[in-house]
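In: Model the structure of this input:
(one chain, ligands or ions: 1)
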Amino acid sequence: MGSVEETKKAHLPKDFLWGFATASYQIEGAIHEDGRGDSIWDTFCRIPGKIADGSSGETACDSYHRYKEDIALLKDLGAKAYRFSISWSRVIPLGGRDDPINEKGLQYYESVVDQLLANGIEPMITLFHWDLPQALHDRYGGFLNQEEYLKDYVNFARVMFKALGPKVKKWITYNEPWCTTILGYNIGQFAPGHTSDRQKNPVGDGSTDPWKAGHNILISHGAAVKVYREEFKPSQSGVIGITLNGDWVEPWDADDEQDVEACERKLEFSIAWFGDAIYKGEYPASMRKQLGDRLPKFTEEEIALVKGSNDFYGMNHYTADYVKHLETSPEPDNFNGNLETHKTNKQGHAIGPETQSPWLCPYAPGSRKLIKWISDRYDRPIMYVTENGTSLKGENDKSTDEILEDDFRVQYFQDYITAMAEAFTFDNVDVRGYMAWSLLDNFEWAEGYETRFGVTFVDYEGGQKRHPKKSARAIGDIFKILIES
Ligand code: PNW
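Out: Below you'll find the predicted structure:
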């Protein structure tokens with residue numbers, strides 16, 4: 001946090017956009033309805049042992065049927081915007097550029113957009129939040145096949161711009177490519193579960209595949225942005241960007257220069273991997289040094305697509321780590337810059353309290369520092385915080401009444417939103433919006449339904465009823481105070 005004085009003076013601009021975020025596979029359910037095709041998450045969930053509670057997004061929050069209720073809730077909470085994602089295989093069940101479009105799938109998203117606008121809520125659409133059509137994975141290996149994948153992604157993006165662009169003015173090409181690539185192609189914890197670890201999967205090379213997949217994602221992002229800017233932006237006048245995730249870092253031993261350096265390297269391997277490509281047209285030198293030829297090189301043509309391809313920077317942020325450098329030379333599958341991350345430092349001090357998510361320990365000052373780090377590195381881009389939120393340790397084991405009193409989450413939002421306002425007020429950053437993760441408790445990927453991130457309790461066994469928690473209303477109150485009147 002800033003000083004007491006700073007915290008008192010922190011504010012946000014009058015037109016600041018705030019609301020809540022979700023993602024298609026995590027909330028929609030209805031996976032077989034109205035012609036939707038399988039995504040890689042549908043198939044991944046069917047493999048025993050991949051999801052903590054053996055669940056899937058089969059029903060999730062049933063938002064495919066309950067979107068009107070969800071939007072009424074957004075309105076009730078005072079949200080000005082709603083970030084949601086498109087299930088690609090709902091719109092193009094087989095995914096490809098020559099495959100049929102499913103009009104019913106498209107209609108669903110048109111209805112969501114219309115309902116939002118009728119309630120005065122601005123839609124912000126993520127084209128891709130991890131649910132790749134399974135058919136594209138089977139046909140040519142998905143992200144690993146640059147030529148085929150690029151054409152299919154651009155086709156999908158064009159279908160969406162054409163259908164919804166007249167009404168939707170904020171587009172996000174990808175959610176967190178770091179998760180798609182590292183968790184999906186190195187650790188194997190996320191679909192499609194590829195990894196070098198043969199105990200977990202017979203396929204995958206974690207030393208090369210994530211870097212190839214990342215390169216192809218970046219190029220397809222650039223190509224989709226080019227299509228938007230050339231074919232749609234002149235008449236639709238919206239903006240488009242990518243959302244990157246990133247945790248803040250502090251040195252494990254603040255007196256050790258090598259831990260301090262490792263912090264920068266960690267930020268480069270997780271954020272600047274994509275950020276430098278987009279804002280500078282190159283990969284960070286630290287990555288080139290460690291990965292050598294395993295990190296693809298941009299051709300001139302590719303640089304032309306990728307460099308300058310963000311109208312805004314979408315920032316997903318949750319937590320922070322202590323970073324300790326390693327003395328040994330990097331393993332081929334190392335993806336983080338040859339270092340260890342810890343939740344306690346050399347003195348045994350914890351960076352933040354525990355939550356239900358092993359990777360998440362709240363440390364709000366880190367969010368102010370990270371916003372500034374990104375803003376400085378990329379020359380003050382327009383920024384939107386596109387996700388921020390927390391789980392609570394043991395929340396799922398509590399009674400409904402207790403769950404609704406989520407004071408820990410209220411404090412989290414208070415601290416993180418204030419830290420963002422401090423960055424805006426004192427650090428010369430251009431942050432224009434904030435989407436809390438998440439509107440609803442939902443399918444938390446490999447953690448299943450045991451981990452809840454919602455500001456709204458979803459009673460999965462009790463007819464999917466929605467009960468706003470204390471944090472749901474607290475967010476509006478926090479913004480009311482911070483936004484200049
Ligand atoms: C983000 N990690 O994912 C996603 O965009 C959301 O879909 C998700 O529900 C939310 O954060 C909460 O987890 C992440 O292990 C998942 O470091 C895992 C990690 C980071 C982000």
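In: which bits of the stretch 51-200 of the chain sit near the ligand?
Out: The stretch 51-200 of the chain comes close to the ligand at residues Asn175, Glu176, Cys179, as judged by C-beta under 6 Å from any ligand atom. Placement of C-beta: from N, CA and C, glycine included.
In: okay if I get those residues as a markdown table plus neighbour count?
Out: Shown next, in a markdown table, are these (neighbours: other C-beta atoms under 10 Å):
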| residue | neighbour count |
| --- | --- |
| Asn175 | 24 |
| Glu176 | 23 |
| Cys179 | 19 |
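In: Now, these that are in strands?
Out: Asn175 (DSSP state E).
In: Can you lay out the residues of the stretch 51-200 of the chain next to the ligand as TSV showing distance to Glu261 and pLDDT?
Out: Formatted as TSV, those follow (distance: C-beta to C-beta, whole Å; pLDDT from 0 to 100):
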residue	distance to Glu261	pLDDT
Asn175	30	99
Glu176	25	98
Cys179	25	98
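In: Specify which member of the residues of the stretch 51-200 of the chain next to the ligand is nearest to Lys393.
Out: Cys179 (22.3 Å; C-beta to C-beta).
In: ok, the closest one to Arg368 distance?
Out: 23 Å (C-beta to C-beta, to the nearest Å).
In: circling back: closest one of the residues of the stretch 51-200 of the chain next to the ligand to Asp15?
Out: For these, the nearest to Asp15 is Asn175 (24.5 Å; C-beta to C-beta).
In: For that closest one, list the residues it contacts.
Out: Ala23, Ser85, Thr126, Phe128, His129, Trp130, Thr243, Asn316, Thr386 (C-beta atoms under 8 Å, 6 or more residues apart in numbering).
In: do the same with Thr43
Out: So, once contact is read as C-beta under 8 Å, 6+ apart, Thr43 ends up touching Gln134, Ala191, Pro192.
In: and Ile417, which of the three is it?
Out: What DSSP: H, G, I helix; E, B strand; the rest coil gives for Ile417 is helix.
In: Find the residue ranges of the stretch 51-200 of the chain scoring beneath the pLDDT cut-off.
Out: The stretch 51-200 of the chain contains no residues with pLDDT under 70.
In: Quick check: chain neighbours aside, which residue is closest to Gly454?
Out: Asp441 (3.5 Å; C-beta to C-beta, 6 or more residues apart in numbering).
In: how many other residues sit next to the one you found?
Out: 28 (other C-beta atoms under 10 Å).
In: So it belongs to a strand, correct?
Out: No: using three-state DSSP, the assignment for Asp441 is coil, not a strand.
In: what about Asp427, distance to the ligand?
Out: 24 Å (C-beta to the nearest ligand atom, to the nearest Å).
In: now, which of the contacts of Asn175 sits nearest Gly204?
Out: For those, the nearest to Gly204 is Trp130 (16.9 Å; C-beta to C-beta).
In: give me the residue from the chain nearest the ligand.
Out: Closest to the ligand within the chain is Trp359: 4.2 Å, counting by C-beta to the nearest ligand atom.
In: Give me the secondary structure label for Phe84.
Out: Per three-state DSSP, Phe84 ends up strand.
In: what's near enough to touch the closest residue to it other than its chain neighbours?
Out: Leaving aside its chain neighbours, Phe84 sits nearest to Thr22 (5.2 Å; criterion: C-beta to C-beta, 6+ apart). Under the criterion of C-beta under 8 Å, 6+ apart, the neighbours of Thr22 are Ser63, Tyr82, Arg83, Phe84, Ser85, Ser438, Leu439, Leu440, Asn442.
In: ok, and the most crowded of the residues you listed?
Out: Neighbour max across those (other C-beta under 10 Å) = Leu439, 32 neighbours.
In: What residues does that residue make contact with?
Out: Phe20, Ala21, Thr22, Asp70, Leu73, Leu74, Tyr82, Gly454, Val455, Thr456.
In: now do Asp333
Out: Asn186, Ser196, Gly206, Ser207.
In: okay, these in JSON lines with neighbour count and secondary structure next?
Out: Formatted as JSON lines, the contacts of Asp333 follow (neighbours: other C-beta atoms under 10 Å; DSSP: H, G, I helix; E, B strand; the rest coil):
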{"residue": "Asn186", "neighbour count": "25", "secondary structure": "helix"}
{"residue": "Ser196", "neighbour count": "20", "secondary structure": "coil"}
{"residue": "Gly206", "neighbour count": "21", "secondary structure": "coil"}
{"residue": "Ser207", "neighbour count": "16", "secondary structure": "coil"}
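In: Pick the one among those closest to Asp477.
Out: Within those, proximity to Asp477 (C-beta to C-beta) peaks at Asn186, which comes in at 41.1 Å.
In: wouldn't that closest one be in contact with Pro210 here?
Out: Yes: using C-beta atoms under 8 Å, Asn186 makes contact with Pro210 at a distance of 4.7 Å.
In: Name the residues contacting each of those two.
Out: By C-beta under 8 Å, 6+ apart, the residues touching both Asn186 and Pro210 are Phe335.
In: Hmm, Asn338 and Phe269 touching each other?
Out: No: using C-beta under 8 Å, Phe269 makes no contact with Asn338, being 9.1 Å away.
In: does the residue nearest to Gly454 really touch Arg452, like I thought?
Out: Yes: taking C-beta under 8 Å as the definition, Asp441 is a contact partner of Arg452 at 4.1 Å.
In: Ramachandran coordinates for Leu244?
Out: The phi/psi pair for Leu244 (degrees, to the nearest 10) reads phi -110, psi 140.
In: and it, how many neighbours?
Out: By other C-beta under 10 Å, 26 other residues sit near Leu244.
In: Which element, helix or strand, includes Tyr313?
Out: Here Tyr313 sits within strand 312-316, counting by DSSP states H and E.
In: now Trp211
Out: Using DSSP H and E, Trp211 falls in helix 209-227.
In: by contact count, what packs against the next helix or strand after that helix?
Out: Downstream of helix 209-227, the next assigned helix or strand under DSSP H and E is helix 233-236. Packed against helix 233-236 by the contact rule (3 or more C-beta pairs under 8 Å, 6 or more residues apart in numbering; DSSP states H and E) you find no helix or strand.
In: Do a quick rundown of the strands in the protein.
Out: Under DSSP E, the chain gives strands at 17-21, 81-85, 122-128, 170-175, 239-245, 248-251, 312-316, 320-325, 339-342, 382-387, 430-437, 456-459, 465-468.
In: from the chain's centre, how far out does the second one sit?
Out: For strand 81-85, the separation from the chain centroid amounts to 12 Å (computed by C-alpha atoms, centre = their mean, to the nearest Å).
In: In terms of secondary structure, what does it contact?
Out: strand 17-21, helix 24-27, strand 122-128, strand 170-175, strand 430-437.
In: same thing with the last one?
Out: Counting contacts by 3+ C-beta pairs under 8 Å, 6+ apart, strand 465-468 packs against helix 63-77, helix 400-404, strand 456-459.
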